[in-house]
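S.K.: Following is a predicted model, sequence given first.
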Amino acid sequence: MLEVQGVSTRYGQISMLRNVSVALGEGEIACLLGPNGAGKTTLIRTIVGIVRPVAGSILFRGERIDGLKADQIVKRGIGVVPEGRRIFPKMTVEENLRMGAYADWGTREVESRLEQIFDRFPRLRERRRQIAATMSGGEQAMLAIGRALMGRPKLLLLDEPSLGLSPLLVEQIFEMIQAINRQGTTVFLVEQNARKTLALAHHGYLLQKGEIVGAGTAAELGESDIVRHAYLRA
Amino acid sequence: MPPLEVILQQAFNGLMLGVMYALIAVGFTLFFGVLDVIHFSHGDIFTLGAFAGLSLTFLWGAVGLGNPAVALLLTFLGALLLTGLIGVGAERACVKPLAKAPPLMTLLATLSLGLVIREAILIFYPRGADPKPFPAMLPQGLWEIGGVVIRYENLVILAIGAGAMVLVDLIINRTRVGASMRAVAQDAEAAQMMGVNLNRTVDFTFFLGSALAAVAGILNGLYYSEIHFIMGIMGGVIGFSAAAIGGLGNVYGAILGGLLFGVLQTLAAAFIPRGSEFRDVVAFAVVMVFMVFKPTGILGEKTIERV
């Protein structure tokens, strides 16, 4: 589904990612763990084409996407819940959701997807005409996920969707991610919450200072020394 | 206190001016909202719109287009298209290449472009230094209601201006490209992650803003029956001030600011002895007061970076 091969990026003179490789099979949930500033968000931004890699290649469903513009990349079937959710603050809930299906704007298809999202998140239906910025953090997280699903993605990238939410909401978000995955969407989940994430993911990667320092199944990662010391404090 | 009919007359005249200012101001505010730039040659794009319209009227005369309504429509459409494309060219030449440079560079580049446009009209338009008579293309005649004179042509100018604003509102709020403009204005990166083509959105924004300036330019020609190659200096300064009063980035604010500026100018002429000589002084003084006490403008939310 997604293959990131030896990708390096720079920000000016500073090297951000170094020789990062990540692979996701169809239908999987893979996770990316790592501390703040490790480059997790940079990797997401590189996959969707906001950041251009200086080396390496990125393949989505067998085709190279590195070097394409962001709008061309996401059109191929990648949905994003960006770091900090990045909902459109002055738009209503419904307008935000419609932006998620921007490529299919104005088609009947969008209306039926909208109904499906409202069925999945009844809360969003209630708040349909509300300005997005005035919603609570949990509702905004749901909106960001709903918006990403509006494009019917084959691959869903989630960048710390649980950040700043109460434990109960975090639980809900993780259940949702699992449900979305069971319906056939491949998921790449970036998180700091290692324990919960490893319980959900099939396999994962550990990123530190721009380099992949660990990879394996969720069980392997959970038992690795780095993860145990850095994240699980066990 | 001047008589009531004088006040009403001046308020109506102010509305006329205000509509033209508002059309220029909307361009400034769109560019700022979507791209965070202040396009200082926008006033000269307004001049270009007027000259494009004037040139087209000669063309219709040459090909023997008789129907005045059709000629008027084609003048507007042609000038809109031409000026819109020139606006896109201005953006590609002076704004986009400097996207990562300090804002001061964009300011200098667009200021210089304005100079280039003015000089180009001066040199290349036949007898470009002279004021050019603009043909009367609107129905003549007037109503008098309680001492207030309302010319038919002024009503048409108001209607065209108002129509253009309604159209902009519909484009921004009801269309796909409008949604992409709002999305980019609110969060350009998130917009791209939703599939918005950033370049296309920016191009369209400049097309729309510049086409509106062309509408203002032609209306200006129809109203004063005359256009001049330096009219864009004042037009640009007033349009920018109006956008700033309204709150840069807010379309409704720009419209409000434009109308306010026009009415202020004409009421100053009515209330202050020899006021018509001081109307700009009064109007700009109000702008200054606004900037001191409400620097984000009437409807503005964004903080304005000093340039």
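M.R.: Okay, I see it. Numbers count the residues shown, from 1 in each chain, chains lettered A, B, ... in the order given.
S.K.: Tell me the spacing between the most centrally placed residue in chain A and chain B.
M.R.: Centroid-nearest residue in chain A: residue A:158, 1.6 Å away (criterion: Cα atoms, centre = their mean). Applying Cβ to the nearest Cβ, to the nearest Å, the value for residue A:158 to chain B is 12 Å. For the C-beta atoms, the positions are set from N, CA and C on the backbone; glycine is no exception.
S.K.: Name the SS class of that residue, please.
M.R.: Secondary structure, DSSP: H, G, I helix; E, B strand; the rest coil: residue A:158 is strand.
S.K.: what residues does chain A put near chain B?
M.R.: Within chain A, the residues that sit near chain B (Cβ under 8 Å from any Cβ of the partner chain) are A:45, A:48-50, A:69-71, A:74-75, A:80, A:82, A:86-91, A:95, A:98-100, A:102-103, A:105-106, A:147, A:151.
S.K.: What is the least confident helix or strand in chain A?
M.R.: The helix or strand of chain A with the poorest confidence is helix A:225-227; it has a mean of 73 (mean pLDDT, DSSP states H and E).
S.K.: Show the buried residues in the residues of chain A next to chain B.
M.R.: Among these, those classed as buried by 16 or more other Cβ atoms under 10 Å in any protein chain shown are A:45, A:48-50, A:69-71, A:74-75, A:80, A:82, A:86-88, A:91, A:95, A:98-100, A:102-103, A:147, A:151.
S.K.: show me what contacts the closest residue in space to residue A:219 that isn't next to it in sequence?
M.R.: Leaving aside its sequence neighbours, residue A:219 sits nearest to residue A:198 (Cβ to Cβ, 6 or more residues apart in numbering or on different chains; 8.0 Å). Residues near residue A:198 by Cβ atoms under 8 Å, 6 or more residues apart in numbering or on different chains: A:31, A:33, A:204, A:218-219, A:221-222, A:227.
S.K.: and if we set it to 6 Å?
M.R.: A:218, A:221-222 (Cβ atoms under 6 Å, 6 or more residues apart in numbering or on different chains).
S.K.: Where is the longest helix in chain A?
M.R.: If you go by DSSP state H, chain A has its longest helix at helix A:167-182.
S.K.: mean confidence for that one?
M.R.: Helix A:167-182 carries an average pLDDT of 94.
S.K.: Measure how far the helix or strand just after that helix is from the centre of its chain, please.
M.R.: Later in the chain than helix A:167-182, the nearest helix or strand by DSSP states H and E is strand A:186-191. Distance of strand A:186-191 from its chain centroid, counting by Cα atoms, centre = their mean, to the nearest Å, is 5 Å.
S.K.: What are the neighbouring residues in contact with residue A:32?
M.R.: By Cβ under 6 Å, 6+ apart, the residues touching residue A:32 are A:40, A:190, A:205, A:207.
S.K.: Shouldn't it be within a strand?
M.R.: Yes. Assessed by three-state DSSP, residue A:32 belongs to a strand.
S.K.: Show me the beta-bridge partners of the residue nearest to the centre of chain A.
M.R.: Per DSSP bridges, residues listed as beta-bridge partners of residue A:158: residue A:81, residue A:189.
S.K.: Just to check, it is in contact with residue A:188?
M.R.: No. Contact criterion Cβ atoms under 6 Å: residue A:158 and residue A:188 do not qualify, at 7.2 Å.
S.K.: Next step: the residues of chain A next to chain B restricted to strands.
M.R.: Members of those lying in strands (criterion: DSSP state E): residue A:80.
S.K.: so where is the chain shaky, pLDDT-wise?
M.R.: Going with chain A. Within chain A, the stretches with pLDDT under 70 are A:230-234.
S.K.: ah, I was thinking of chain B
M.R.: Short version for chain B, where the test is pLDDT under 70: B:301-307.
S.K.: Next to chain A, which bits of it? Give me the list.
M.R.: B:176, B:183, B:186-187, B:189-190, B:192-197 (Cβ under 6 Å from any Cβ of the partner chain).
S.K.: Turn the residues you listed into a markdown table, including secondary structure, neighbour count and distance to residue A:129.
M.R.: A markdown table is the format used below for the residues of chain B next to chain A (DSSP: H, G, I helix; E, B strand; the rest coil; neighbours: other Cβ atoms under 10 Å in any protein chain shown; distance: Cβ to Cβ, whole Å):
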| residue | secondary structure | neighbour count | distance to residue A:129 |
| --- | --- | --- | --- |
| B:176 | helix | 14 | 20 |
| B:183 | helix | 26 | 18 |
| B:186 | helix | 21 | 17 |
| B:187 | coil | 20 | 20 |
| B:189 | helix | 14 | 26 |
| B:190 | helix | 23 | 21 |
| B:192 | helix | 24 | 26 |
| B:193 | helix | 32 | 24 |
| B:194 | coil | 29 | 20 |
| B:195 | coil | 25 | 24 |
| B:196 | coil | 24 | 23 |
| B:197 | coil | 19 | 28 |
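S.K.: follow-up on the earlier one: so which of the residues of chain A next to chain B sit within helices?
M.R.: A:45, A:70-71, A:74-75, A:95, A:98-100, A:147.
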